[in-house]
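Colleague: Predicted model and sequence follow; I will ask about them next.
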Amino acid sequence: MRAIELHRDAGAYALGVLEAADACRFEEHLTECSACVVQVRELGAVVAHLVAYAHRLPPGAVPRQGRRRR
Ligand SMILES: [Zn+2]
């Protein structure tokens with residue numbers, strides 16, 4: 001897998017949706033790519049907020065979308 005493709009996996013890694021082999025490859029990439037380390041940290045914080053928000057919703061509820069500005 002090329003490095004540019006590994007950079008694209010940061011979001012999927014932060015969400016925990018990579019297959020095990022891809023996650024291992026990405027973790028190896030993290031040892032040498034500070035940009036992806038920063039991106040995973042930032043996305044991880046967003047994921048944590050989304051999970052906390054989702055736990056506040058009643059089962060089966062669909063989150064409201066933000067107001068649209070005209
Ligand atoms: Zn990278």
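Modeller: It's in. Since we're looking at a predicted model, the values are computed, not measured. Residues are numbered from 1 along each chain as shown.
Colleague: Tell me which stretches of this structure form helices.
Modeller: Listed in chain order, the helices of the chain (DSSP state H) span residues 3-8, 10-15, 20-30, 34-56.
Colleague: near the ion, which residues of this structure?
Modeller: Contact residues, the chain versus the ion (Cβ under 5 Å from the ion): 7, 33, 36. To be clear about C-beta, it is placed using only N, CA and C from the backbone, and glycine gets the same treatment.
Colleague: most tightly surrounded among the helices of the chain?
Modeller: helix 10-15 (a mean of 18; mean count of other Cβ atoms under 10 Å).
Colleague: Are there helices or strands packed against it, and which ones?
Modeller: Helices and strands touching helix 10-15, as assessed by 3 or more Cβ pairs under 8 Å, 6 or more residues apart in numbering; DSSP states H and E, comprise helix 20-30, helix 34-56.
Colleague: how far does it sit from the chain's center?
Modeller: 3 Å (Cα atoms, centre = their mean, to the nearest Å).
Colleague: Quick check: mean pLDDT of it?
Modeller: Throughout helix 10-15, pLDDT has a mean value of 92.
Colleague: what sits up against that helix?
Modeller: Residues outside helix 10-15 that contact it (Cβ atoms under 8 Å, 6 or more residues apart in numbering) are 18, 22, 23, 26, 27, 36, 39, 40, 43, 44, 46, 47.
Colleague: Show me where the chain dips below the pLDDT cut-off.
Modeller: Filtered on pLDDT under 70, the chain yields the residue ranges 1-4, 63, 65-70.
Colleague: Try it again at 80.
Modeller: Within the chain, the stretches with pLDDT under 80 are 1-5, 58-70.
Colleague: So for it, the centremost residue is which one?
Modeller: residue 14 (3.1 Å; Cα atoms, centre = their mean).
Colleague: wait, what's in contact with the spatially closest residue to that residue that is not a sequence neighbour?
Modeller: Among residues not flanking residue 14 along the chain, residue 43 sits closest, at 3.5 Å (Cβ to Cβ, 6 or more residues apart in numbering). By Cβ under 8 Å, 6+ apart, the contact set of residue 43 is 10, 11, 14, 15.
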